[in-house]
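coords please:
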Amino acid sequence: MSNYIVTGAAGFIGSSLASELIQNGHTVVTIDNLSTGYETNIPDGVEFILGDCGDEEAIKKIPKRNYDAIFHIAGQSSGEISFDNPVYDITTNTVSTLLLLDFALQHDCNRFIYAGTMSVYGVQPEKPVDEDVHCCPSSFYGVGKLASEHYLSIYQSYGIETTSLRLFNVYGPGQNLENLRQGMVSIYLAQIFKNGFVEMKGSVDRYRDFIYIDDVVKSFMNCLVYEDSKNEIINIATGKKTKVGELVDLCFQLCEKKPDLRISGATSGDLHGIFADINKMKEILNVSKTLSLELGLERMIKWMRAIS
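Numbering: from 1, shown residues only. Got it, this is the predicted structure:
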């Protein structure tokens with residue numbers, strides 16, 4: 001049995017990861033401000049601390065134990081929302097990372113696994129993006145997450161072994177269906193369920209790389225297994241390019257609804273398109289097979305029907 005900190009376990013990805021760790025017999029402490037997550041999402045057996053990871057006083061509430069690793073999942077994860085309050089964005093995403101890295105250093109926790117993002121890349125050519133390309137983020141969110149990765153690199157010199165998993169478009173059961181400014185798949189499915197139509201910001205020709213939540217959790221878990229993941233940055237995606245229009249069509253089809261798409265305006269800091277080179281994910285984390293978009297959407301729609 002090992003002891004872990006998973007920040008943001010009231011949210012989508014954090015709760016899924018915490019649940020997997022608990023099921024494997026480990027102990028988990030989480031800190032979450034419940035800004036976008038719900039306390040009911042926190043798995044049974046997880047020790048919950050109410051607080052913001054960007055608040056030094058909240059970090060002091062974390063029990064002083066021997067932790068085997070910190071998974072920093074919490075934060076504001078929307079490029080669009082980051083334009084509303086850039087100061088809050090950098091506090092919750094970047095200051096939080098620095099505070100937790102310092103906590104790890106002060107309490108002899110030498111493993112730190114970070115939820116990075118594709119948003120650090122910014123505008124890139126229409127080809128699979130690998131981890132070594134020049135990053136030029138186009139949102140406050142992307143800038144803050146890239147800064148966090150630089151802090152990870154500095155703390156490596158202090159003996160903290162870090163990994164940043166650059167997550168692409170994660171979706172699946174447990175995603176927040178109330179927040180219509182975060183999570184492309186959840187936004188479109190929530191609109192179809194509630195309104196029977198999709199109101200889209202931006203072009204149908206935009207493209208993304210959609211990855212199912214179970215594959216993301218497996219990637220985080222495998223960071224604990226494979227030594228070569230230490231001090232690495234790794235894309236977490238499928239390597240498949242999907243146009244947003246194709247995604248919407250598939251959502252309508254699987255929901256057995258007549259397509260009704262309404263396009264209006266655009267989103268601040270939005271990218272036209274991005275998809276990943278996943279060679280490092282395959283080679284280092286041994287995640288070579290990922291769930292297809294159609295099967296993933298079927299599972300998510302089944303979950304949505306069960307809770308509606």
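
what about the stretch 201-308 of the chain, any weak spots by pLDDT?
Along the stretch 201-308 of the chain, segments meeting pLDDT under 70 span 268-269.

so where do the helices sit in it?
Here the stretch 201-308 of the chain has its helices, by DSSP state H, counting those that start in this stretch, at 213-222, 244-254, 279-285, 293-307.

also the stretch 51-200 of the chain?
Taking DSSP H, counting those that start in this stretch, the helices of the stretch 51-200 of the chain run over residues 56-59, 79-82, 86-90, 96-106, 140-156, 184-195.

mind listing what's buried in the last one?
Applying a neighbour-count criterion of 16 or more other CB atoms under 10 Å, the buried positions in helix 184-195 are 184-193. Quick note: C-beta positions are derived from backbone N, CA and C, even for glycine.

summarise which helices and strands it is packed against.
Judged by 3 or more CB pairs under 8 Å, 6 or more residues apart in numbering; DSSP states H and E, helix 184-195 is in contact with strand 169-171, strand 198-200, helix 244-254, helix 293-307.

helices or strands next to the second one in the packing?
Right, strand 198-200. The helices and strands touching strand 198-200, judged by 3+ CB pairs under 8 Å, 6+ apart, are helix 184-195, helix 244-254, strand 261-263.

what's the answer for the first one, then?
Judged by 3+ CB pairs under 8 Å, 6+ apart, the packing partners of strand 169-171 are helix 184-195, strand 210-212, helix 213-222, helix 293-307.

looking at the ones you listed, which is buried most?
Highest mean neighbour count of the helices and strands packed on strand 169-171: strand 210-212, a mean of 25 (counted as mean count of other CB atoms under 10 Å).

sorry, back to before: lowest mean pLDDT across the helices of the stretch 51-200 of the chain, which one is that?
The minimum mean pLDDT among these belongs to helix 79-82 (a mean of 75).

ok, and what's touching that one?
76, 89, 119, 138-142, 144, 181-182, 267-270 (CB atoms under 8 Å, 6 or more residues apart in numbering).

give me the buried entries from the residues you listed.
Listed as buried from the contacts of helix 79-82 are 76, 89, 119, 138-142, 144, 182, 267, 269; burial here means 16+ other CB under 10 Å.

hmm, what's the outermost residue in this structure?
Farthest-out residue of the chain from its mean C-alpha position, per CA atoms, centre = their mean: Lys258, at 30.9 Å.

leaving out chain neighbours, which residue sits closest to Arg208?
Nearest non-adjacent residue to Arg208, counting by CB to CB, 6 or more residues apart in numbering: Asn169, 4.8 Å away.

give me the number of neighbouring residues for the one you found.
Asn169 is flanked by 19 other residues according to other CB atoms under 10 Å.

who's in contact with it?
The contact partners of Asn169, by CB under 8 Å, 6+ apart, come to 118, 183-185, 208-211.

show me what it is bridged to.
Phe210 (DSSP bridges).
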